[in-house]
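Visitor: Build the 3D model from these lines:
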Amino acid sequence: DEVAELQKALSDMQDSLFQEREHVLHLYAENDRLKIREVEDRAKIQTLLGMSAPGGAELTHAWDAHPLGASIRPRLQGQQAVVSMMDAPRTEMLLLTIDALKAQLEEQIRLNREQLAATAEDR
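Guide: Numbers count the residues shown, from 1 in each chain. Model prediction:
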């Protein structure tokens, strides 16, 4: 009788552990989305900053710390500065999203396998 109670308690603890792991996976997914959005926002900010550059002389700005490695090079065209992104930020955003989704899928698969193994042990 005591063994059955301990097995039930162990099973309940495993269920609780798996629920917490799922919650952590959801938090990781949300964190990934926020990081991607941050990179998108930074790219937009850099583009807007490049557009607001004075049109008097040619300006060159390179942001080495930019996560996409993009550089904004305003150049004169008539009286307007034209912003040219050296890297395609949309493509970079999509690649980051794909990497994040792959990692999330792998973690979910690993969690599901552990849950199946724990269920098989309980039987």
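Visitor: which residue packs closest to the most centrally placed residue in the chain, ignoring adjacent ones?
Guide: Centroid-nearest residue in the chain: Asp32, 2.6 Å away (criterion: Cα atoms, centre = their mean). With Cβ to Cβ, 6 or more residues apart in numbering as the measure, Ala100 is the residue that lies nearest to Asp32, at 3.7 Å, once sequence neighbours are left out. No exception for glycine: its C-beta is placed from N, CA and C like everyone else's.
Visitor: On the pLDDT front, check Leu48 for me.
Guide: The per-residue pLDDT reported for Leu48 equals 88.
Visitor: host element of it?
Guide: Counting by DSSP states H and E, the element that carries Leu48 is helix 2-51.
Visitor: Can you pull out the low-pLDDT segments for this structure?
Guide: 54-88, 123 (pLDDT under 70).
Visitor: still on that earlier bit, can you tell me which residues contact the residue nearest to Asp32?
Guide: 29, 32-33, 35-36 (Cβ atoms under 8 Å, 6 or more residues apart in numbering).
Visitor: if I look at Leu94, how far off is Ala53?
Guide: As judged by Cβ to Cβ, to the nearest Å, Leu94 and Ala53 stand 28 Å apart.
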